[in-house]
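>>> show me how the following folds:
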Amino acid sequence: MNLYTSKTEAAAKRTFDAAQRGDKEAVLRLIDHSFNIEDCDRDGNSLLHYAVKGKNLDLVAFLVETCGMDPAWANQAMVTPWDLAKGNAPLEEYFQSVCGFSRKHCYRNPVCRGMHPDPSILRVGDDYYMVNSSFLYFPSIPISHSKDLVHWNVIGYGVTDRTWAEEFLGGLEGGRGFWAPDISYDRGRFYICATLRNNDDAPYIQTQMVTSASKPEGPYDTPVIHNVLGIDPSIFTDDDGKRYMLINRGARIMEISEDGKKILSKPSLIWYGHSGHAPEGPHILKKDGWYYCFLAEGGTGKGHMISVARSKSLLGPYENCPYNPIMHQKDEMGVIQCCGHGKPVQTPDGRWFMAYLCSRFIDHQWGMLGRETCLDEVTWTADGWPVINKGKGPSYMAALPFPDMERRECEIPDSEAWLSPRTKDPELVGEDRDGTLWIKGDGQDLNQRECRSLLVKCQPDFQFSMEFEMSFPDEGKEEFTSDAGVTLYYDENTYIKFGVTEAFVFVSEYVDDTYVRTETSPFRFHGPVTFRVETDGLVRTFFFNNMLLWQWTDVTSICSEGLSKGKRFTGAMYGVYVNGKNLLRWRQHGNVQ
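Presented below is the predicted three-dimensional model:
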């Protein structure tokens, strides 16, 4: 789809209006002479969206069957024509017959929303496991479990040793840390590898970490670090039991020991990719006597894609797939963009699916949530090549892989831990059994890498609200010498604090190296107090003790595009903090919506 231009705007608006009136003759006449089917409005609504509002089934069927319009194509608010047809039985029945699944038995992408980049997926028996990048957040490398490929819950973390994390993550700049982990399984043991991306002044700016465990949730062994340059490692075990690690650029391969603790050969290139631009994220799959090599290419922006090649020999030469790229968002108006970095998985009944990353944007430019995880089915051509979602790019609605399982809404699961940048000091932060959070200030502000006095989780969507009650510990009050409250956090370079001091309540935005705007209102904190922040895209509204204090309408700093500095690959977070020396407690009111 394309946004209509100044030259086509008048015809587009006339056609949209006719479709919304259900005037099929007028729509056909405009299509014949002036309207481009690919044109949509500024909110991403297609002609089919308008036709559904007009409730003319004949017009809807013409647009779908003759013009090839998709009932499951989403506008910028993730609303499809099929959603608009809810309650109109003839339209719903028609869309179900066209798409081959009902709204009850479908899922929606992204399946994991908020910051869930670089997915690597694995099946053992009837259980699926997935890991995602965690950068410098601790505990590190979340391990999620699913029975149906759609609904995921965090069951553990690959790195949980606080002393180890302090040594290896403690001094890192925002956006560095663990990149693109991979999870694999062999002979009763689970293996996780990832790039540990260090600061640019380190002896090795890219190193490869390997750890393993007997259970998918861990505990995992103390990680081993290999000083091998490259990113995005994955582990492949061949039929003869030999184990290999792949890293970029392109797909470079080296033999490793069974436990992954030793490198047995130098990396050698086996395939550089389809496009030749930023080939990374290599994975090897062996199927029907072929080695299939999957790559992420095109950079992590809107040129991102997945490509594949195959060979009868592990070390090549590899034959480029004639259908490459097998995943790429070609539609500039598609709400799901930047699709790439995927790994396939096979179901017990022989079907295949691909988990891959994507991005969504506010106003086509602000990737507030960071990169998320999508899922689409993989089919194999008669000549033995994998194709994702029939080559159509990412799906917005698709049939549940296992429709007999209970359908649930996609959400950030409550099982995800509260995270802290770099490491957690159990003397400074913690969570009680009833869910109460407590933090003792360490005297560091959020712009300092040494700060450990905050807890965060990823922002779940563009629209959400959070509410926390903050108070002194039950055993009594103390002199309040801090500022403390809730935070909207990206990294030490960009964040917002909404808190109290001994004299006022305030909201303040930090960008690069200074607080760029601050608003205050007189208040003396004795506790307890309630903070609520409502988010709608770039609009943030701040409530204190249920009273509206401020609304900021142009909050663009809490995202990757909000500042050009360092490695900004993460996403918006929310949480609580203390800047000072006080010990304070927080109770979250309800779930984040």
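>>> rest of the way, CA atoms for contacts and neighbours
Fine.
>>> max-length helix in this structure?
Assignment by DSSP state H gives helix 9-21 as the longest helix of the chain.
>>> pull out the buried residues from that helix.
9, 11-21 (16 or more other CA atoms under 10 Å).
>>> repeat for stretch 32-39
Quick answer for stretch 32-39 (16+ other CA under 10 Å): 35-37, 39.
>>> same thing with stretch 356-367?
Buried residues in stretch 356-367 (16+ other CA under 10 Å): 356-362, 366-367.
>>> neighbouring contacts of it?
Here stretch 356-367 makes contact (CA atoms under 8 Å, 6 or more residues apart in numbering) with 110, 116-119, 335-343, 368-375, 537-538, 556, 559-562, 571.
>>> using CSV, write out every CA atom in that stretch.
Taking C-alpha atoms only, stretch 356-367 is exported to CSV below (Å, rounded to 0.1, in the frame of the first residue of the first chain):
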residue,chain,number,x,y,z
TYR,A,356,11.6,-13.4,13.4
LEU,A,357,12.0,-9.8,14.6
CYS,A,358,10.1,-6.8,13.5
SER,A,359,9.5,-3.1,14.4
ARG,A,360,6.5,-0.9,14.6
PHE,A,361,6.6,2.8,14.4
ILE,A,362,4.7,5.8,15.6
ASP,A,363,4.1,8.3,12.7
HIS,A,364,6.3,6.0,10.6
GLN,A,365,9.5,7.1,12.4
TRP,A,366,9.5,6.5,16.2
GLY,A,367,10.2,2.9,17.1
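>>> centre of the chain to it, how far?
A distance of 10 Å separates the centroid of the chain from that of stretch 356-367, by CA atoms, centre = their mean, to the nearest Å.
>>> give me the mean pLDDT for it.
Averaged over stretch 356-367, pLDDT sits at 96.
>>> what about the helices in this structure?
For the chain, the helices defined by DSSP H cover 9-21, 24-33, 47-54, 57-65, 81-84, 89-99, 162-169.
>>> wait, which of those helices is closest to Asp491?
With CA to CA as the measure, helix 162-169 is the member of the helices of the chain nearest Asp491 (14.0 Å).
>>> could you list the buried residues of the closest one?
Under 16+ other CA under 10 Å, the buried positions of helix 162-169 are 162, 165-166, 168-169.
>>> now these in CSV, with pLDDT?
Listed next are the buried residues of helix 162-169 as CSV, based on pLDDT from 0 to 100:
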residue, pLDDT
Arg162, 96
Ala165, 97
Glu166, 96
Phe168, 97
Leu169, 97
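>>> now these in a markdown table, with distance to Trp385?
Converted to a markdown table, these look like this (distance: CA to CA, whole Å):
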| residue | distance to Trp385 |
| --- | --- |
| Arg162 | 44 |
| Ala165 | 42 |
| Glu166 | 45 |
| Phe168 | 41 |
| Leu169 | 41 |
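>>> for these, which one is nearest Ala51?
Leu169 (53.8 Å).
>>> Arg103: neighbour count?
Residues lying near Arg103 (other CA atoms under 10 Å) number 18.
>>> which residues touch it?
By CA under 8 Å, 6+ apart, the contact set of Arg103 is Gln96.
>>> hmm, try it at 7 Å
Contact partners of Arg103, counting by CA atoms under 7 Å, 6 or more residues apart in numbering, are absent.
>>> mind checking how far it is from Val64?
With distances taken as CA to CA, to the nearest Å, Arg103 is found 17 Å from Val64.
>>> swap in Ser311?
Counting by CA to CA, the gap from Ser311 to Val64 is 40 Å.
>>> ok, Gly527 next?
Counting by CA to CA - Gly527 and Val64 are separated by 59 Å.
>>> apart from its chain neighbours, what residue comes closest to the spatially most central residue of the chain?
The centroid of the chain falls nearest to Glu372 when counting by CA atoms, centre = their mean (1.7 Å). Excluding the flanking residues, the one nearest Glu372 by CA to CA, 6 or more residues apart in numbering is His116, at 4.5 Å.
>>> over to Tyr323?
Val387 (7.4 Å).
>>> again, but for Leu563
Closest to Leu563 by CA to CA, 6+ apart is Ser557, at 6.5 Å.
>>> what is the burial count for the one you found?
Neighbour count of Ser557, defined by other CA under 10 Å: 23.
>>> quick check, pLDDT for it.
So Ser557 comes in at 96 (pLDDT).
>>> could you do the one 3 residues further on as well?
On pLDDT, Ser560 comes in at 94.
>>> can you check the one 3 residues further on too?
pLDDT recorded at Leu563 is 95.
>>> count the neighbours of it for me.
Per other CA under 10 Å, the neighbour tally for Leu563 reads 15.
>>> check the one 10 residues further on too.
By the other CA under 10 Å criterion, the neighbourhood of Met573 contains 25 residues.
>>> which residues does it contact?
Met573 touches 456-459, 488-490, counting by CA under 7 Å, 6+ apart.
>>> what about the residue nearest to Glu372, distance to Ile558?
His116 is 16 Å from Ile558, by CA to CA.
>>> run through the stretch 51-200 of the chain and note the low-pLDDT ranges.
Within the stretch 51-200 of the chain, no stretch has pLDDT under 70.
>>> repeat for the chain
4, 406-415, 475-477, 591-593.
>>> so what are the domain limits for it?
For the chain, the structural domains run 2-103, 108-399, 420-588, going by automatic domain parsing.
>>> please identify the deepest-packed of those domains.
Of the domains of the chain, the one with the most neighbours on average (mean count of other CA atoms under 10 Å) is domain 108-399, at a mean of 21.
>>> touching, Asp376 and Pro386? I think so.
No - with contact defined as CA atoms under 7 Å, Asp376 does not reach Pro386; the gap is 12.0 Å.
>>> contacting residues for Pro80?
In this structure residue 80 is Thr, not Pro. By CA under 7 Å, 6+ apart, the contact list for Thr80 reads 71-74.
>>> excluding sequence neighbours, find me the nearest residue to Met573.
Nearest residue to Met573 in three dimensions, chain neighbours excluded: Cys458, at 4.2 Å (CA to CA, 6+ apart).
>>> surely Gly303 meets Cys338?
Yes - using CA under 7 Å, Gly303 is in contact with Cys338, at 6.4 Å.
>>> now Pro401, what are its backbone angles?
phi -60, psi -30 (degrees, to the nearest 10).
>>> my error: substitute Asp349 in the last question.
Taking degrees, to the nearest 10 as the convention, Asp349 sits at phi -90, psi 10.
>>> now do Leu563
phi -160, psi 140.
>>> separation between it and Glu372?
20 Å.
>>> repeat for Gly299
Distance, Gly299 to Glu372, using CA to CA: 16 Å.
>>> how about Val60?
The value you get for Val60 to Glu372, if CA to CA is used, is 32 Å.
>>> with Met115 instead?
Met115 sits 6 Å away from Glu372, going by CA to CA.
>>> and for Thr553?
Thr553 sits 25 Å away from Glu372, going by CA to CA.
>>> next one: Ala18
37 Å.
>>> next one: Arg103
With distances taken as CA to CA, Arg103 is found 23 Å from Glu372.
>>> ok now do the residue lying closest to Pro325 once chain neighbours are set aside, which residues does it touch?
In space, and not counting its chain neighbours, Pro325 is closest to Ser307: 4.7 Å by CA to CA, 6+ apart. Counting by CA under 7 Å, 6+ apart, Ser307 touches 274, 294-296, 324-326.
>>> cool, Tyr191 as well?
With CA under 7 Å, 6+ apart, Tyr191 has these contacts: 183-185, 211-213.
>>> narrow the residues you listed to those in strands?
If you go by DSSP state E, these have 183-185, 211-213 in strands.
>>> those residues: which two are farthest apart?
So for the ones in strands among the contacts of Tyr191, where distance means CA to CA, the most widely separated pair is Tyr185 and Thr211, at 11.8 Å.
>>> if we can go back for a sec, contacts only, for the residue nearest to Met573.
Residues near Cys458 by CA under 7 Å, 6+ apart: 114-115, 572-574.
>>> just Pro325 next, same as before
Pro325 is in contact with 305-307, counting by CA under 7 Å, 6+ apart.
>>> ends of stretch 81-93, what's the gap?
With CA to CA as the measure, the first residue of stretch 81-93 is 13 Å from its last.
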